[in-house]
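> Dropping a prediction and its sequence here:
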Number of protein chains: 2
Amino acid sequence: MATSTDLRVSWSAVPARFRARGLRWTPQRRAVVEVLSETDGHITGAELVERCRARDAQTIPSTVYRTLDVLEELGLVRHGHGADGREEYHVGAGPEHGHLYCATCGGSWEISDAAAERIVATLAETDGFEVDLSHVTVVGRCRACDAGA
Amino acid sequence: MATSTDLRVSWSAVPARFRARGLRWTPQRRAVVEVLSETDGHITGAELVERCRARDAQTIPSTVYRTLDVLEELGLVRHGHGADGREEYHVGAGPEHGHLYCATCGGSWEISDAAAERIVATLAETDGFEVDLSHVTVVGRCRACDAGA
DNA sequence: GCCGCTACTGCAATATCTTGCAATAACATC
DNA sequence: GATGTTATTGCAAGATATTGCAGTAGCGGC
Ligand SMILES: [Mn+2]
Ligand SMILES: [Mn+2]
Ligand SMILES: [Zn+2]
Ligand SMILES: [Zn+2]
């Protein structure tokens, strides 16, 4: 089966997780975590900054991005990149998955578990490479666009 | 077999290719193409700007990036993204290929043709998706790092 | 060789993300 | 509840990339 690290998380336990690691629980980090706890699925770095700014106009982007780095180290979020290379965070979205982006229509989909499993297995066998599935972004052309053109 | 659009190109024919399309051949575009013609394999957008600036200190980044867009439309280069999402251009590098990046050691490799072929076939079958192989970047952990840790 | 059309450039503003550094504020300890 | 340690923040600068717009200059036609 495909690697399946579940991202579902008890946000209420996060402050304790921070302190247990010698990290500090600050108002700025609380704001980021509150926004994330209300997010399901995906959010870009810029969107997160925007939503934090909506609650607190003083929000500083570098603080938000540094908080994301910490949350990712703790395994509470994972990031990938959109078709243009921008960061996209996976939050509370269940099992790991990669994304498919259609360059023609702009649509995006999660890579099916079946395909993910085969891709991970293929690169493990032929190249000895262990894939970070959450980070996988495949750009190309979707079935609909292929048919319509 | 895997898609195999060859990028080997006769740079001397480029000015005529531009004009045939109603595009103009300018000193700025000539500089970009000259740098590319001396490049084999890969170059990031920033590196290209830097090398153009080395020949002409007046080089404007937006002009370079716009020239890259045109060259890509003409099929003379293709871009992908590094592990951090930054643009990387494939130039004169033979058949299309994707890349593997080890997040641990920072190493990078081209995805083997065998693996590429299976990945392209898998996504075509299971998700009806036609992959742009040049744009594929897979991040994870290489064999050496896996063994050493 | 000149002219006109319009593709292209330069520039300034904007978006996203990172980094170094000095000042600040968590929090463990007492 | 005061204190010291040091993790964290705010800020400024920088790297990379995109966009709108007004002025410039390629180049096809004469
Ligand atoms: Mn791209
Ligand atoms: Mn990344
Ligand atoms: Zn599509
Ligand atoms: Zn490695």
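Yep, that arrived. Numbers count the residues shown, from 1 in each chain, chains lettered A, B, ... in the order given. Ligands and ions are numbered 1, 2, ... in the order given.

> At the contact with DNA strand D, which residues of chain A appear?
A:18, A:22-24, A:26, A:28-29, A:58, A:60, A:62-63, A:66-67, A:70, A:84-85 (Cβ under 7 Å from any atom of the strand). Every residue, glycine included, has its C-beta placed from N, CA and C.

> can we see that at 10 Å?
With Cβ under 10 Å from any atom of the strand as the criterion, chain A meets DNA strand D at residues A:18-19, A:21-32, A:52, A:56, A:58-67, A:69-70, A:84-86.

> Filter those down to the ones in strands?
The strands, defined by DSSP state E, take in nothing from the residues of chain A next to DNA strand D.

> Of the residues you listed, keep whichever come out buried.
Using 16 or more other Cβ atoms under 10 Å in any protein chain shown as the burial test, those include A:18, A:28-29, A:31-32, A:52, A:59, A:63-64, A:67, A:85 as buried.

> can you list these in CSV and add pLDDT?
Formatted as CSV, these follow (pLDDT from 0 to 100):
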residue, pLDDT
A:18, 97
A:28, 98
A:29, 98
A:31, 98
A:32, 98
A:52, 98
A:59, 97
A:63, 98
A:64, 98
A:67, 98
A:85, 97
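
> ok, so of the residues you listed, who is nearest chain B?
residue A:85 (3.1 Å; Cβ to the nearest Cβ).

> The closest one reaches residue B:88, doesn't it?
No. The pair residue A:85 / residue B:88 is not scored as a contact, 9.9 Å apart, by Cβ atoms under 8 Å.

> The buried ones among the residues of chain A next to DNA strand D into JSON lines, with extra columns for distance to residue B:147?
As requested, those are exported to JSON lines (distance: Cβ to Cβ, whole Å):
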{"residue": "A:18", "distance to residue B:147": "33"}
{"residue": "A:28", "distance to residue B:147": "40"}
{"residue": "A:29", "distance to residue B:147": "36"}
{"residue": "A:31", "distance to residue B:147": "42"}
{"residue": "A:32", "distance to residue B:147": "37"}
{"residue": "A:52", "distance to residue B:147": "41"}
{"residue": "A:59", "distance to residue B:147": "43"}
{"residue": "A:63", "distance to residue B:147": "38"}
{"residue": "A:64", "distance to residue B:147": "37"}
{"residue": "A:67", "distance to residue B:147": "34"}
{"residue": "A:85", "distance to residue B:147": "30"}
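
> Let me know the closest of these to residue B:110.
residue A:85 (19.2 Å; Cβ to Cβ).

> Which residue comes closest to that closest one once chain neighbours are left out?
Closest residue to residue A:85 apart from its sequence neighbours, by Cβ to Cβ, 6 or more residues apart in numbering or on different chains: residue B:85 at 3.1 Å.

> Contacts only, for that neighbour.
A:81, A:84-87 (Cβ atoms under 8 Å, 6 or more residues apart in numbering or on different chains).

> any idea how far residue A:58 is from it?
The gap separating residue B:85 from residue A:58 is 28 Å, by Cβ to Cβ, to the nearest Å.

> Name the residues of whichever strand or helix holds residue A:47 that are buried.
Applying DSSP states H and E as the criterion places residue A:47 in helix A:45-55. Across helix A:45-55, burial judged by 16+ other Cβ under 10 Å covers A:45, A:48-49, A:51-52.

> Nearest to ligand 3 among those?
residue A:45 (24.9 Å; Cβ to the ion).

> Which residue lies nearest to that closest one in three dimensions, sequence-adjacent residues excluded?
residue A:87 (4.3 Å).

> so who does the closest residue to ligand 4 within chain A touch?
Nearest to ligand 4 in chain A, going by Cβ to the ion, is residue A:129, at a distance of 9.1 Å. Residues counted as contacts of residue A:129 (Cβ under 8 Å, 6+ apart) are A:123, B:100, B:102, B:138, B:140-143.

> That one - nearest residue in space that isn't next to it in sequence?
Nearest to residue A:129 is residue A:123, by Cβ to Cβ, 6+ apart, at 4.5 Å.

> how far off helix B:113-127 does the biggest helix by length in chain A point, in degrees?
Identified as the longest helix of chain A according to DSSP state H is helix A:113-127. Orientation check (axes from the mean of the first three to the mean of the last three Cα atoms, to 10 degrees): helix A:113-127 against helix B:113-127 gives 170 degrees.
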